[in-house]
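K.L.:
heads up, no residue letters with this:
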């Protein structure tokens with residue numbers, strides 16, 4: 001995972017437990033994200049691998065190759081917006097096309113089949129942190 005200058009780890013900032021599962025706030029150094037964890041045996045301050053699993057609903061190229069450069073730049077701005085709960089939409093750069101990995105704001109998301117290299121727009125029903 002050390003390619004593209006990606007951060008290899010995330011820091012657990014907060015945990016809200018609900019029985020065996022939890023709402024976990026992670027920090028990449030560039031941003032924070034709230035993800036689902038089950039079973040959750042994480043603790044605040046713990047360092048976890050930077051690989052979040054996305055229950056992906058939609059992934060598409062952020063732009064087409066024949067678009068003007070100004071529009072390509074505008075559509076290639078990294079963003080990660082929380083829709084509700086653990087659902088997010090955003091735009092990130094493909095870090096590993098074969099593995100289905102996208103980097104956005106320092107987080108590495110496993111989104112499955114990607115339509116292209118470069119930037120993709122995506123929507124996930126849920127982002128999960130794997131068991132540490």
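P.N.:
Thanks, I have the structure now. Fair warning: this is a prediction, and the values are worked out from it, not measured in the lab.
K.L.:
Residue 70 should be in a helix, yeah?
P.N.:
Yes - assigned with DSSP: H, G, I helix; E, B strand; the rest coil, residue 70 falls within a helix.
K.L.:
low pLDDT regions in this protein?
P.N.:
Residues of the chain that meet the criterion pLDDT under 70 lie in 1-7, 131-132.
K.L.:
Check the spacing between the residue nearest to the spatial centre of the chain and residue 117 real quick.
P.N.:
By Cα atoms, centre = their mean, the chain has its centre lying nearest to residue 109, at 3.6 Å. Separation of residue 109 from residue 117 (Cβ to Cβ, to the nearest Å) stands at 15 Å. Glycine gets a C-beta too; all of them are placed from N, C-alpha and C.
K.L.:
which residues does the spatially closest residue to residue 124 that is not a sequence neighbour contact?
P.N.:
In space, and not counting its chain neighbours, residue 124 is closest to residue 54: 4.0 Å by Cβ to Cβ, 6 or more residues apart in numbering. Contacts for residue 54 (Cβ atoms under 8 Å, 6 or more residues apart in numbering) come out as 88, 109-112, 122, 124, 126-128.
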